[in-house]
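# below are the sequence and a predicted model for it; my questions follow.
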Amino acid sequence: MSAMKLTDVHVHLAAFPVPGNGCLLSPRMRKSALFKMVAASQGLPLRDAELSNRAYVERLKAELAGSDSVGRAVILGMDGAYDESGDLDDEHTDFLISNDYVFEAASFFPGRFLPGVSINPQRAGAIDELQRCSEKGAVLVKILANSQRFDPADRRYRPFYRAMARLRLPLLAHVGYEFSLIGRDQGAGDADRLVPALEEGVVVIAAHGCSTGLFFWEKNWPVARYLAARFSNFYMDVSAMTLPNRVGGLMRLRRHPELFSRLLFGTDYPLPVFSYPCLLAGARQDFRQARTASNRFDRQARVLGALGIRLEKDFTDIIKA
Ligand SMILES: [Zn+2]
């Protein structure tokens, strides 16, 4: 593998709960359109949970191994919602991928799958879990505040952010509306809620180029520019930005080369990656090549290239820095 290959910082795991894996999937989630779409597109054998879980990881491994441009993927956990006393709130947790499952999955492709754990700072023992995950080789912490039902700006979480900074664990934060899961406090996805983590010195990566995901209304865009100007530890990933509701954000980003040094590669796998943004940029040949790419990683790289979005940094540069 060439050292020049990119790292995808935003790849989701999906797993059925089976004894010992610590994962959860609510009946509501099982019935959702997203769940059905992922199961169908990944060809999961749903009658057998254990087999399905294995098939998901194997397919991801094959797709990554087949990529010419991407060499590593940060595979993500998904913590649940917690109540005021820090106990898991089952009723409001639709989907949970445990950190132990993340480490187990990462062991299927050593050095190429990088464990991206998820820790809700509201959970009891959150800092101990940070420490444990750091010792096991976690490379970042993912949060999805809308669904995990906490406010990232709450001052009670500052010690958690300080511990992250000390352990040099970046924070990958979902920004904007949350369609995929069943979000409640959509305001928890506002980019300005990330300021306390940035102030504590955490490297923060705002997902999806900080786009809101509401087609043309982009309240997070001025905030993203402000955060980039104020904090050298602020980054954005470009995941999911070929989706129709975020493509406006992608077309805007290409006009801001001053932000390219703050962009990191990402797909939001298993969500689809579309080729049509090449056409919006008048790049017909890239469109054909992107469309026929054998994997989503190369397709995303091709689209970014066609749009002239040069990624100046890789995730591995940031964690080494
Ligand atoms: Zn995602």
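Happy to help now that I have it. Residues are numbered from 1 along each chain as shown.
# now do the helices in the stretch 151-300 of the chain.
For the stretch 151-300 of the chain, the helices defined by DSSP state H, counting those that start in this stretch occupy 158-166, 195-199, 220-230, 247-253, 277-280, 284-291, 296-306.
# buried stuff in the fifth one?
Read it as helix 277-280. For helix 277-280, burial by neighbour count (16 or more other Cβ atoms under 10 Å) applies to 277-278, 280. Every C-beta, even on glycine, is put in place using the N, C-alpha and C of the backbone.
# which stretches in this structure count as strands?
Applying DSSP state E to the chain gives strands spanning 6-12, 24-25, 70-76, 95-96, 113-118, 140-143, 171-173, 204-206, 234-237, 263-264.
# let's have those in JSON lines, adding mean neighbour count, mean pLDDT and distance to residue 51.
Below are these laid out as JSON lines (neighbours: other Cβ atoms under 10 Å; pLDDT from 0 to 100; distance: least, Cβ to Cβ, whole Å):
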{"stretch": "strand 6-12", "mean neighbour count": "26", "mean pLDDT": "97", "distance to residue 51": "19"}
{"stretch": "strand 24-25", "mean neighbour count": "18", "mean pLDDT": "94", "distance to residue 51": "16"}
{"stretch": "strand 70-76", "mean neighbour count": "26", "mean pLDDT": "98", "distance to residue 51": "19"}
{"stretch": "strand 95-96", "mean neighbour count": "24", "mean pLDDT": "94", "distance to residue 51": "20"}
{"stretch": "strand 113-118", "mean neighbour count": "25", "mean pLDDT": "98", "distance to residue 51": "19"}
{"stretch": "strand 140-143", "mean neighbour count": "26", "mean pLDDT": "97", "distance to residue 51": "26"}
{"stretch": "strand 171-173", "mean neighbour count": "26", "mean pLDDT": "97", "distance to residue 51": "29"}
{"stretch": "strand 204-206", "mean neighbour count": "26", "mean pLDDT": "96", "distance to residue 51": "33"}
{"stretch": "strand 234-237", "mean neighbour count": "25", "mean pLDDT": "96", "distance to residue 51": "31"}
{"stretch": "strand 263-264", "mean neighbour count": "24", "mean pLDDT": "98", "distance to residue 51": "33"}
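# compare these and give me the one nearest residue 18.
strand 24-25 (10.6 Å; Cβ to Cβ).
# so where's the longest helix in the protein?
Criterion DSSP state H: the longest helix present in the chain is helix 49-65.
# now do the contacts for residue 69.
Listed by Cβ atoms under 8 Å, 6 or more residues apart in numbering, the contact partners of residue 69 are 5-6, 297-298, 301-302.
# how far away is it from residue 263?
Distance of residue 69 to residue 263, computed by Cβ to Cβ, to the nearest Å: 15 Å.
# can you check residue 198 too?
17 Å.
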